[in-house]
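**Q** fold the following.
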Amino acid sequence: MTDRLPLSAFIISKNEADRISRPIESVIGWVDEVIVVDSGSTDDTVAVAEGLGARVVHHDWKGYGPQKRYGEGQCRNDWLLNLDADEEVTPELAAEIKSKFAEGSHEDADGWRIMIRDMYAHEIAPAPWAYGYHQIRLYDRRKGRFSASTVHDTVRPEEGAKINDLAGIMAHRSIRSLDFQVGKYNRYSGMQVEDMRARGRTLPRTRLLTEFPVSFFKAYFVRKYRKYGWWGFILSVNYAHARFLRVAKAYEADLLGKQGE
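**A** Sure, this is the predicted structure:
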């Protein structure tokens, strides 16, 4: 007799030794297995993950969607729970998932959206006003899988699949430090531009003027970063710069493209 749910949790990673323990520890005692798909860590990520009981498999980096699709294929259960290396299942969410499996009500839907809320290094829990977004993270892979996009890692349910929401939240520790954040959005903006150009999408040049102020307003007021005080002001500036940088890099790519004509 086991208390573990017929549920596989999987995580993609690279050089996450300082934080891979949190997502694993948040699920290791009650899911059937934890799979870590590592794309070539040079730190102690693999050792930490294996030491906590996760099964680590290597897969060269192919992009966010392909990595998660590979992770799906490594799982032995049809019901899957996906976490990122900077996320963790809160005790409330864990209790809710356990309850649904105990009752069999997890099958009331083919996939479940989870609210993922931001949490910062100086916090012990996400603030009540923390920015969050819903994503399908608990799902039956027979009814939906992650997209193959190299940039957008989103579960795409099959037509007719039923999707419901869970009440519990997942904590998202996406920022190790400001230095880390700037490097991350610099890299990601380049990937976004490559993805847009591959799809033939272009951005109007007028957004070079509007992107920063509009994005700052969105972050400071709509995402409620203002409630963090000066820290929220810093987050808003960085968010606006990240959005502006994407537009600027797209414009730069257009200029270089014309030069090569």
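
**Q** what's the first helix or strand after the helix or strand harbouring Arg69?
**A** In this structure, Arg69 sits in helix 64-74 according to DSSP states H and E. For helix 64-74, the following helix or strand on the C-terminal side (DSSP H and E) is strand 79-84.

**Q** pull the number of nearby residues for the residue nearest to Trp61 when sequence neighbours are not counted.
**A** In space, and not counting its chain neighbours, Trp61 is closest to Ser39: 4.0 Å by CB to CB, 6 or more residues apart in numbering. Placement of C-beta: from N, CA and C, glycine included. Using other CB atoms under 10 Å, Ser39 has 16 other residues around it.

**Q** now do the contacts for Ser39.
**A** 12-14, 58-61, 67 (CB atoms under 8 Å, 6 or more residues apart in numbering).

**Q** which of these are buried, as a ChimeraX select command?
**A** To isolate the buried subset of the contacts of Ser39 in ChimeraX, counting by 16 or more other CB atoms under 10 Å, use the following:
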select :12,13,59,67
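
**Q** restricted to strands, list the contacts of Ser39.
**A** In strands, defined here by DSSP state E, the members of those are 12-13, 58.

**Q** excluding sequence neighbours, find me the nearest residue to the residue positioned nearest the centre of the chain.
**A** Taking CA atoms, centre = their mean, the centroid of the chain lies closest to Asp84, which sits 5.3 Å from it. Leaving out its chain neighbours, the residue that sits closest to Asp84 by CB to CB, 6+ apart is Ile11, at 6.8 Å.

**Q** thought the one you found was touching Val37?
**A** Yes: look at Ile11 against Val37 with CB atoms under 8 Å: they come within range, at 7.2 Å.

**Q** okay, these two: which has more neighbours?
**A** Legend: neighbour count by other CB under 10 Å for Ile11 and Val37, higher for Ile11 (26 against 23).

**Q** tell me which residues touch that one, please.
**A** 20, 23-24, 34-37, 54, 71, 82-85.

**Q** returning to what we had before: overlap in contacts, Ile11 and Val37.
**A** Here Ile11 and Val37 have Gly71 as joint contacts, going by CB under 8 Å, 6+ apart.

**Q** then Asp138 would be within a strand, right?
**A** To be clear, residue 138 is Leu; Asp isn't right here. Yes: judged by DSSP: H, G, I helix; E, B strand; the rest coil, Leu138 forms part of a strand.

**Q** can you give me the neighbour number for Phe101?
**A** Residues near Phe101, counting by other CB under 10 Å, number 18.
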